[in-house]
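Asks: Need coordinates for the following:
(2 chains)
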Amino acid sequence: MTVTAKKKKPAPYANPYAAGALLGVVLFAAFFLTGSGLGASGALQRYIAAIQDFISPNSVNQNAYLLKYAGGDREPLDNWLVYMSIGIVAGGFVSAWIHGRLSFTTGKGPRISVRTRWLMAFLGGIIMGYGARFARGCTSGQGLSGGTVLSVGSWAFLLAVFAGAYAVAYFFRRLWI
Amino acid sequence: MEHLFVSFPGPFPIQAMYGKIGFYTVTLLIGFGFGYMLEIGGFAKSEKLAAQFYLTDMTVFKVMFSAIVVAMVLVFGAAALGGLDYNRVFVNETYLWPGIVGGLIMGVGFVIGGY
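Replies: All right, here's what the predicted structure looks like:
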């Protein structure tokens, strides 16, 4: 350790197989303790229901889908997935902090502007949110968790995610390479 | 060896045992582990994830599939030893075409959004 090394250099990422194995242990712990795997998009869906219920309760009352989560005496945020999502953000933050990787940056390819990247992130998020509800789950709830317990639909979903991504990657290469 | 832990198999009715606060605390801690492991694998960096689709960095494949394989072996191993009551484990019901179409849409969003 030299005296001049004032700023902590970001630690390298873990070996991907090791990180995956540890993630697998967490996934197993979720099944072992609660009987369900991991989930992420379910919480987002509940945040949306809560926001819509706050801004425009009438529109929730006219929407059969949202009424399953909000409206009446239903509290959309009173759900384990919401707490899991808080934990996910906290865990990622703490890990980045410990490993010296915390910073305000916009991760993007070299050929696009920060503004374009943000627009594309927002657009991609909308598409992913739509797809996740269409498929009844995202890469966490449907892919990782369903894949672990060998749900046929989950494996079809998982392969479709990669197929869809590879099919269009060429056309969006400017965003990343 | 068979039914080694049969007297107290998971999953546990945590909400009935420790109330809602106990249950939410457990799921928050599981989420913490999830987020932590994703971060050490590099999943907080969109360029790294998107690189999977240009075949310059295979981290997404390596992390996701090793996680699934490890969890699968642990889940079915625990079930075989009687430590986990598989009948009470949530298994996603199969909706084949919604899953495939939704998955394709998500894949497109993944490349555009980067996460």
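Asks: Just confirm yes or no for stretch A:9-17 near chain B.
Replies: Yes - residues of stretch A:9-17 contacting chain B under CB under 8 Å from any CB of the partner chain: A:13-14, A:16-17. All C-beta spots, glycine's among them, are computed from the backbone N, C-alpha and C.
Asks: pLDDT below threshold where in chain A?
Replies: Along chain A, the model assigns pLDDT under 70 to residues A:1-8.
Asks: Which segments of it make up each domain?
Replies: Per the record, chain A has its domains at A:15-104, A:106-177, by automatic domain parsing.
Asks: which parts of the helix ranked longest in chain B are buried?
Replies: Taking DSSP state H as the criterion, chain B has its longest helix at helix B:14-41. Neighbour counts using 16 or more other CB atoms under 10 Å in any protein chain shown place B:14, B:23-24, B:26-41 of helix B:14-41 among the buried residues.
Asks: follow-up on the earlier one: mind checking the domains of chain A for the one nearest to B:Ala67?
Replies: domain A:15-104 (3.9 Å; CB to CB).
Asks: For the closest one, measure first residue to last.
Replies: End-to-end distance for domain A:15-104: 24 Å, by CA to CA, to the nearest Å.
Asks: Stretch B:76-90 now?
Replies: Terminal residues of stretch B:76-90 lie 13 Å apart, using CA to CA.
Asks: anything in whichever helix or strand comes after the longest helix of chain B near chain A?
Replies: Using DSSP states H and E, the helix or strand that follows helix B:14-41 in sequence is helix B:46-50. Yes - judged by CB under 8 Å from any CB, helix B:46-50 comes into contact with chain A through B:46-48, B:50.
Asks: picking that back up, please work out which of the domains of chain A is packed deepest.
Replies: With neighbours defined as mean count of other CB atoms under 10 Å in any protein chain shown, the domains of chain A peak in mean count at domain A:106-177, which reaches a mean of 20.
Asks: which ones are touching A:Gly39?
Replies: A:81, A:84, A:137-138, A:140-141, A:145 (CB atoms under 8 Å, 6 or more residues apart in numbering or on different chains).
Asks: Just name the closest of those to chain B, please.
Replies: Nearest to chain B among those, counting by CB to the nearest CB, is A:Met84 at 3.6 Å.
Asks: correct me, but that closest one touches B:Thr25?
Replies: No - A:Met84 is beyond contact range of B:Thr25, at 11.1 Å (criterion: CB atoms under 8 Å).
Asks: Would you mind getting the angle between the one helix or strand B:Met64 maps to and helix B:14-41?
Replies: Element membership for B:Met64, per DSSP H and E: helix B:59-80. On the basis of axes from the mean of the first three to the mean of the last three CA atoms, to 10 degrees, helix B:59-80 is oriented at 150 degrees to helix B:14-41.
Asks: mind listing what's buried in the very next helix or strand once past helix B:59-80?
Replies: Toward the C-terminus, helix B:59-80 is succeeded by helix B:96-113 as the next helix or strand (DSSP H and E). Across helix B:96-113, burial judged by 16+ other CB under 10 Å covers B:98-113.
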